[in-house]
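**Q** when you get a sec, could you give me coordinates for this:
(4 chains)
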Number of protein chains: 2
Amino acid sequence: MTAQPTERITDHVAAEDITLQGVLEALTDPVRRGIVRQLADSERDMACGTFDFTVSRSTSTHHFKVLRRAGIIRQHYEGTVKLNSLRRADLDRAFPGLLDAIIEAARREVNR
Amino acid sequence: MTAQPTERITDHVAAEDITLQGVLEALTDPVRRGIVRQLADSERDMACGTFDFTVSRSTSTHHFKVLRRAGIIRQHYEGTVKLNSLRRADLDRAFPGLLDAIIEAARREVNR
DNA sequence: ATCAACCTTTGATGGCTGTCGTACGATGAA
DNA sequence: TTCATCGTACGACAGCCATCAAAGGTTGAT
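**A** The predicted structure follows:
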C-alpha cells in the first residue's frame, strides 16, 4: 500500500557524528572485531546470519547494533535478510588509517 | 650499598606479548588516551605528576599501570619521580599504523 | 492462512572496571 | 632525623556491558 518501501532501520549515524570513542569502544570487543574482519575479507555484503561467531542470536543482534550506532557498518534489509557493509569511506575520512590498522591487526590475531 | 640500583618496576610486558586486545582496551579509555597523546606530543619523557588530567592520584596510578601492562608505555624511576615514555617501536612493529592513527585521531578529538 | 526463516526486544544476571579516600612506602633534602 | 614530595596499595562502591533465554515481530513462500 505504501509507495515507498518501509525503512526498517533508522539509527544509522551521520558520518560527521562518528566519534573516536565510539569506534574504539565498538572495536575493543573481540566478537565485534571478528564481524568487522569478516566483513572486510568478504567481497560482498554479508547477512547477519552468515557470520562465524560463538554467541547467541540475541547477543549478535546487540553487537550489530553497537557497530551500526558507532558508524562502523551500514545495514539494510533485503527481504527478511539483513545485509551488512563496512562504512570504509566514512571511517577513513574521520580517522585516517585507523580501520585498516585494526583490520590488519585483527587478521593476524586470528592466525596466531 | 647495592652495586646495581633497585629496579622498582617489574611488570613491563615483552614486546612479543603485546596484544591487540590489550592495546585497544587500554586506549579506549579517554583518560589513558589523553596520557598517550600528551606523551606523543612531548619531546621528552614525562613524570606521572606532570600530566594534565581530571582524576585523583590513585586513579591515575591505575591508568598508568594499565598502559604499562598493555605494553604501551615504559616507566622508570629517577629519584622519586617516575618517568614515562611511549613504546613506539614495539607498537609499530606489532601493529603497524595503529598507534599513529589513534594518536592523530586523539589530537583532533581534543580540538573539537 | 499458515508456516518457516530471520532477526529483535525484553528482562535478568554476572563480571569487570573506573573512581575515590585513606593509609602506606620510597626517595632525597634540610 | 625529620620532613615534604611523589607515587602505590587496598577496600569499597557504582555503573556499565556482554551474555543468555524466552517471547515477539516481519517478511516471503506454500
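**Q** what residues does chain A put near DNA strand D?
**A** Residues of chain A lying close to DNA strand D by CB under 7 Å from any atom of the strand are A:6, A:8, A:25, A:29, A:31, A:54-59, A:62-63, A:66, A:77, A:79-80. Every C-beta, even on glycine, is put in place using the N, C-alpha and C of the backbone.
**Q** go again with 10 Å.
**A** Proximity of chain A to DNA strand D (CB under 10 Å from any atom of the strand) is limited to residues A:2, A:5-8, A:21-22, A:25-26, A:28-32, A:53-63, A:65-66, A:77-82.
**Q** what sits closest to the residue nearest the centre of chain A if chain neighbours are left out?
**A** Geometric centre of chain A, nearest residue: A:Ile73, 3.2 Å, by CA atoms, centre = their mean. With CB to CB, 6 or more residues apart in numbering or on different chains as the criterion, A:Ile73 has its nearest non-adjacent residue at 4.6 Å, and that residue is A:Leu67.
**Q** now that neighbour: how far from DNA strand D?
**A** 10 Å (CB to the nearest atom of the strand, to the nearest Å).
**Q** state the distance from whichever residue of chain A sits closest to DNA strand C to A:Leu83.
**A** Distances between chain A and DNA strand C by CB to the nearest atom of the strand are smallest at A:Gly49, namely 2.5 Å. Distance of A:Gly49 to A:Leu83, computed by CB to CB, to the nearest Å: 11 Å.
**Q** hey, where'd the strands end up in chain A?
**A** A:46-47, A:73-78, A:81-86 (DSSP state E).
**Q** residues from chain A in reach of chain B?
**A** A:19-21, A:24-25, A:27-28, A:30, A:33, A:94-98, A:100-102, A:104-106, A:109 (CB under 8 Å from any CB of the partner chain).
**Q** hmm, 6 Å instead?
**A** A:20, A:24-25, A:28, A:95, A:97-98, A:101, A:105, A:109 (CB under 6 Å from any CB of the partner chain).
**Q** for those residues, which one is nearest B:Ala15?
**A** A:Ala105 (14.6 Å; CB to CB).
**Q** distance of the closest one from B:Leu20?
**A** In terms of CB to CB, A:Ala105 sits 5 Å off from B:Leu20.
**Q** could you find the closest non-adjacent residue to the residue of chain A closest to DNA strand C?
**A** A:Val81 (7.4 Å).
**Q** can I assume the one you found is in contact with A:Ala47?
**A** Yes. The criterion here is CB atoms under 6 Å, and A:Val81 meets it with A:Ala47 at 4.6 Å.
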